[in-house]
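Enquirer: Following is a predicted model, sequence given first.
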Amino acid sequence: MRIIAGHYGGHGLKSPQGHETRPSTERVRESLFSLVDARIYLEGAEVLDLFAGTGALGLEAISRGASLVTFVEQKGHVLDYARENAEKLGVEDKCIFIQADAVEYLRQYQGPELDLIMADPPYKLEAMQELPDLAIPCLDVDGVFTLEHSSHDWFDDHPHLMTSRPYGRTIVSLFRPPLPPAEGDETAEADASNNESVASSS
């Protein structure tokens, strides 16, 4: 496994043997970041890598310009691989490592609005359908949430789905926050509120 592109492109990443982790394939990561790059600037971005595993997605984001990535992984010994990979690249100053359940972390998140949230959960995660609605409130208005899932989960009816792309058994879905009301809409809402106040006082 290696970094695909950017400043650290070609650098190898360590991962545990066996089936303890299911890192995104290079093809999926390359396609995911192509979709992201078309929608947001990664230069200077603040990123959250959920179900981080050995950190491949978050470190790819740093390689492409992200200024800060928070890695959330429940298994401490797996998170150690992410930490070791960051140290090997010399980017540990751009990383925060948190051992926690990713779903609970999202539910309790109270940090700054993020530019990019990426999730590569186990395909049989019970809370899979909840993830977009948990992640979207944590994003900046122009931010993006990426979710890797199998064909057993579909988000076609989700109001904030931008696109879904299949890559073999993996589907990458992108979500974005609702757009803020246009300036004219805000004025109309204010006028409506004022009219209601006048009517109630007369």
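Expert: Sure thing, it's come through.
Enquirer: The closest residue to residue 161 other than its chain neighbours: what's it in contact with?
Expert: Nearest non-adjacent residue to residue 161, counting by CB to CB, 6 or more residues apart in numbering: residue 155, 5.1 Å away. Where C-beta positions appear, they are placed from N, C-alpha and C, glycine not excepted. Residues counted as contacts of residue 155 (CB atoms under 8 Å, 6 or more residues apart in numbering) are 129, 132, 147, 161, 164, 173, 175.
Enquirer: which secondary element of this structure has the worst mean pLDDT?
Expert: One helix or strand of the chain scores below all others by mean pLDDT, DSSP states H and E: helix 183-201, with a mean of 49.
Enquirer: mind listing the strands for this protein?
Expert: 46-50, 68-73, 95-99, 114-119, 139-149, 161-167, 170-175 (DSSP state E).
Enquirer: now for the second one, which elements pack on it?
Expert: Contact here means 3 or more CB pairs under 8 Å, 6 or more residues apart in numbering; DSSP states H and E; on that basis strand 68-73 packs against strand 46-50, helix 56-63, helix 76-89, strand 95-99, helix 102-107.
Enquirer: now it, how far from the chain's geometric center?
Expert: Computed by CA atoms, centre = their mean, to the nearest Å, the separation of strand 68-73 from the middle of its chain amounts to 10 Å.
Enquirer: for the fifth one, same thing?
Expert: Centroid separation between strand 139-149 and its chain, computed with CA atoms, centre = their mean, is 5 Å.
Enquirer: Residue 30 is in contact with residue 2, isn't it?
Expert: No: the pair residue 30 and residue 2 fails to qualify as a contact (CB atoms under 8 Å) at a distance of 11.3 Å.
Enquirer: Report the beta-bridge partners for the residue positioned nearest the centre of the chain.
Expert: Residue closest to the mean C-alpha point of the chain, counted by CA atoms, centre = their mean, is residue 117 at 1.7 Å. As for beta bridges, residue 117 partners with residue 48, residue 145 under DSSP bridges.
Enquirer: and it, what does it touch?
Expert: 47-48, 50, 135, 138-139, 143-146.
Enquirer: would you turn those residues into a markdown table with neighbour count, distance to residue 26 and pLDDT?
Expert: As requested, the contacts of residue 117 are exported to a markdown table (neighbours: other CB atoms under 10 Å; distance: CB to CB, whole Å; pLDDT from 0 to 100):
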| residue | neighbour count | distance to residue 26 | pLDDT |
| --- | --- | --- | --- |
| 47 | 25 | 19 | 98 |
| 48 | 30 | 22 | 98 |
| 50 | 27 | 20 | 98 |
| 135 | 26 | 24 | 98 |
| 138 | 19 | 28 | 97 |
| 139 | 20 | 26 | 98 |
| 143 | 23 | 25 | 97 |
| 144 | 24 | 21 | 98 |
| 145 | 27 | 22 | 98 |
| 146 | 22 | 16 | 98 |
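Enquirer: Same list as before, those residues that is, but in TSV and with distance to residue 104 included.
Expert: TSV is the format used below for the contacts of residue 117 (distance: CB to CB, whole Å):
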residue	distance to residue 104
47	19
48	14
50	11
135	13
138	13
139	18
143	21
144	22
145	17
146	20
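Enquirer: Cheers, nothing more for now.
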